[in-house]
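Asker: need a 3D model of the following:
(one chain, ligands or ions: 1)
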Amino acid sequence: MAERLTEAAIAEWLAGLNGWSAEGTTAITKTFRLKDHVAAVGLVMQVAVAAEVMNHHPEVAWVYNRVTFRLSTHDAGGVTELDLALAKRIEELAGGQG
Ligand SMILES: C[C@H](O)[C@H](O)[C@H]1CNC2=NC(N)=NC(=O)C2=N1
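Answerer: Okay, here's the model as predicted:
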């Protein structure tokens, strides 16, 4: 089972990701502002499929063209490498949008 990461380890990982923030060691979050509502829905759907493939699922808040992903490993009670892997996948799917 993935182990919870320290704040330092999370900060090191986030340095390599654009625009993600840490909530202590509990979660990492990022809000994407897409060009319109449909682009936002498209990203949410792509992430949903990727999450199923990874069996690691985000919390998603979606308002019109803005989508916030909040990643945490429920089984570990905080941020693990699974969350960072999903964040990387979300960045790939967003492809520089938002
Ligand atoms: C049974 C299933 O494998 C587990 O519930 C998986 C599913 N997706 C998950 N997603 C996240 N974010 N954290 C988990 O601990 C987790 N566990």
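
Asker: C-alpha only now, for contacts and for neighbours.
Answerer: Will do.

Asker: centroid residue for the protein?
Answerer: Nearest to the centroid of the C-alpha atoms of the chain, with distances taken as CA atoms, centre = their mean, sits residue 87, at 3.9 Å.

Asker: in a strand, that's where it is, yeah?
Answerer: No: Residue 87: not assigned to a strand; according to DSSP: H, G, I helix; E, B strand; the rest coil it is helix.

Asker: what's the separation between it and the ligand?
Answerer: Here the criterion is CA to the nearest ligand atom, to the nearest Å. By it, residue 87 lies 11 Å from the ligand.

Asker: now swap in residue 92 and tell me
Answerer: 18 Å.

Asker: quick revisit: mind listing what the residue nearest to the centre of the chain touches?
Answerer: 17, 71 (CA atoms under 8 Å, 6 or more residues apart in numbering).

Asker: and the lengthiest helix in the chain, what other elements does it pack with?
Answerer: Of all segments of type helix in the chain, defined using DSSP state H, the longest is helix 37-54. Contacts defined by 3 or more CA pairs under 8 Å, 6 or more residues apart in numbering; DSSP states H and E place helix 37-54 against strand 66-71, helix 81-94.

Asker: what's the angle between it and strand 66-71?
Answerer: 20 degrees (axes from the mean of the first three to the mean of the last three CA atoms, to 10 degrees).
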